[in-house]
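Chemist: Sequence and predicted structure are below.
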Amino acid sequence: MTGVGDRLGLRDDTVAASAESKLMHFADSLATIIDKVPEPVRNALRQEMALNTLYLWNQLYFGWMNRRADKNTQEATAWKQADKNITAWAKLDNEANALSLLFDDIASSQWSKALTSSRMDSLRKLGKESIFFARFDHFARNYTGKNREYLLANLIYKDTKDAVFTEGVDSLLSIFRSMYPQSDITPILEEAVTKNMAINSTNELDPDIRFIEPTEGQALDSIIAMFKGKPVLVDVWATWCGPCRKSFEHADIIRDFARENGIELLYISIDEGSNREKAVRKLVKSYGLKGNHLIMPPSFKEDVYNRFGSNGYIIIPAIALYGSDGTLLESRFSESEDAPALIEAISTTLKTSGK
């Protein structure tokens with residue numbers, strides 16, 4: 001239903017009542033099939049179908065609203081009413097929703113609808129942590145039972161799973177415990193929060209994790225020259241890059257190979273923004289990325305993007321290799337996301353170059 005294609009012609013429909021009618025008619029046709037299934041499976045299937053329906057509707061609704069500057073027209077009122085109708089029909093208080101992987105996405109969308117634009121602007125100015133805590137508060141106030149248990153637990157768990165490590169999550173775990181003292185999920189959350197607190201602690205980093213602080217006027221070449229006499233494997237990445245995080249799960253394979261072959265590791269984060277240093281250090285610590293780290297200064301951006309990318313554009317993760325004499329042997333290995341293949345490519349490049 002939310003897959004590829006638009007057999008119902010919904011995405012081109014600009015009339016709220018028409019889009020609502022098409023979607024509800026299709027959902028009703030599915031309900032007649034689901035009604036033949038015995039309980040309790042019937043209820044679970046009905047809610048999965050309802051959440052998928054609401055998920056698709058939300059795409060239409062947000063798409064229409066985002067294209068309109070004036071949210072107070074008669075058309076906008078019609079879309080808002082249709083949204084209320086479909087949301088009520090979806091039964092977000094049904095506890096079978098907690099069984100659906102879509103429920104967190106749906107609940108987050110409903111929270112977005114409840115926020116005024118000024119409130120969202122205010123939260124954005126305060127930062128991601130404020131948005132995180134506001135979402136937790138909304139879920140705690142607007143859901144009950146198993147649904148609330150799932151939503152709150154998922155927020156706490158994913159914060160660590162996604163290597164965000166929001167400070168103060170331990171206070172949210174305390175709230176969760178008070179609401180659900182017998183929850184089977186608590187041990188999993190405790191493990192996640194323990195890791196969160198370790199990452200946010202003021203303890204010094206592993207001595208094998210070294211951050212380079214460029215001096216004013218220093219260039220990238222002078223950073224590379226610090227390791228002259230050894231090959232240098234450069235990993236260009238960012239905290240927001242999913243494939244980069246995925247590759248870090250196998251960082252120990254690359255690290256062992258580099259150590260055995262006298263290769264220096266240089267991780268270059270291209271994160272920008274006022275919070276970048278904190279975010280980078282947290283993620284490096286969480287993955288235990290031993291080696292040398294450079295948080296790209298603005299003055300390095302053009303050089304980094306052109307050297308490891310093309311025409312000012314870069315695809316990350318980008319793994320490059322310098323020879324022991326400082327010569328750039330490979331600006332980007334195509335095997336950047338495949339550790340075993342990458343190791344083979346590095347070995348071949350070093351043997352071929354003799355550097």
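Modeler: Ah, there it is.

Chemist: what residue ranges in this structure are flagged as low confidence?
Modeler: 1-5, 69, 204-205, 354-355 (pLDDT under 70).

Chemist: One more pass at 50, please.
Modeler: 1-3 (pLDDT under 50).

Chemist: a strand runs through residue 154, doesn't it?
Modeler: No - counting by DSSP: H, G, I helix; E, B strand; the rest coil, residue 154 falls outside a strand, being helix.

Chemist: Longest helix in the protein, by number of residues?
Modeler: Ordering each helix of the chain by length in residues (DSSP state H) puts helix 41-66 first.

Chemist: Residues touching stretch 54-64, excluding its own?
Modeler: Residues from elsewhere that reach stretch 54-64 (CB atoms under 8 Å, 6 or more residues apart in numbering): 1-2, 10-11, 13-14, 16, 19-20, 23, 79, 82-83, 86-87, 90, 102, 105-106, 109, 112. Using the backbone N, CA and C atoms, a C-beta is placed for each residue, glycine as well.

Chemist: Which of the residues you listed are buried, as a PyMOL select command?
Modeler: Restricted to buried positions by 16 or more other CB atoms under 10 Å, the PyMOL selection for the contacts of stretch 54-64 reads:
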select buried, resi 10+13+16+19+20+23+79+82+83+86+87+90+102+106+109
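
Chemist: Which of the contacts of stretch 54-64 fall in helices?
Modeler: Those of the contacts of stretch 54-64 lying in helices (DSSP H): 16, 19-20, 23, 79, 82-83, 86-87, 90, 105-106, 109, 112.

Chemist: Can you tell me which of those is nearest residue 39?
Modeler: Looking at these and their distance to residue 39, the nearest is residue 90, at 18.9 Å (CB to CB).

Chemist: check contacts around the closest one.
Modeler: 50-51, 53-54, 106.

Chemist: nearest to residue 206, of the ones in helices among the contacts of stretch 54-64?
Modeler: Looking across the ones in helices among the contacts of stretch 54-64 and measuring by CB to CB, the closest to residue 206 is residue 105, at 36.1 Å.

Chemist: Provide a list of residues in contact with the closest one.
Modeler: By CB under 8 Å, 6+ apart, the neighbours of residue 105 are residue 55.

Chemist: ok, now with 10 Å
Modeler: 51, 54-55, 58 (CB atoms under 10 Å, 6 or more residues apart in numbering).

Chemist: gap between residue 216 and residue 273?
Modeler: From residue 216 across to residue 273, the span is 20 Å (CB to CB, to the nearest Å).

Chemist: Flag every buried residue along stretch 268-275.
Modeler: Buried-residue list, stretch 268-275, by 16+ other CB under 10 Å: 268-271.

Chemist: Now name the helix or strand holding residue 150.
Modeler: helix 145-161 (DSSP states H and E).

Chemist: who are the neighbours in contact with residue 212?
Modeler: Per CB under 10 Å, 6+ apart, neighbours of residue 212: 218, 223, 226, 266-268, 292-295.

Chemist: that's a helix at residue 294, yeah?
Modeler: No - counting by three-state DSSP, residue 294 is not part of a helix but strand.

Chemist: what about it, distance to residue 233?
Modeler: 13 Å.

Chemist: So which of the contacts of residue 105 is the closest to residue 317?
Modeler: Distances from residue 317 to the contacts of residue 105, taken by CB to CB, are shortest for residue 55, at 30.6 Å.

Chemist: was I right about residue 79 contacting residue 18?
Modeler: No - counting by CB atoms under 10 Å, residue 79 does not reach residue 18; the two are 11.2 Å apart.

Chemist: coming back round to it: buried ones among the contacts of residue 212?
Modeler: 223, 266-268, 292-295.

Chemist: Identify the residues contacting residue 77.
Modeler: 16, 71.

Chemist: Would it be right to say that it lies in a helix?
Modeler: Yes - assessed with three-state DSSP, residue 77 lies in a helix.

Chemist: tell me which element residue 268 is part of?
Modeler: strand 264-269.

Chemist: what lines up beside that strand in the sheet?
Modeler: strand 232-237 (parallel), strand 291-295 (parallel) (DSSP bridges).

Chemist: can you list the residues that contact the shortest one?
Modeler: Looking back up the chat, that one is strand 291-295. Residues external to strand 291-295 that are found in contact with it (CB under 10 Å, 6+ apart): 205, 208-214, 220, 223, 226-227, 232-236, 251, 254-255, 258-259, 263-272, 276-277, 279-281, 284, 300, 304.

Chemist: Can I get that strand in CSV, CA atoms only?
Modeler: These are the backbone C-alpha positions of strand 291-295, laid out as CSV (Å, rounded to 0.1, in the frame of the first residue of the first chain):
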residue,chain,number,x,y,z
GLY,A,291,43.7,6.7,14.9
ASN,A,292,44.1,10.3,14.0
HIS,A,293,41.1,12.6,13.7
LEU,A,294,40.6,15.9,12.0
ILE,A,295,37.3,17.9,12.2
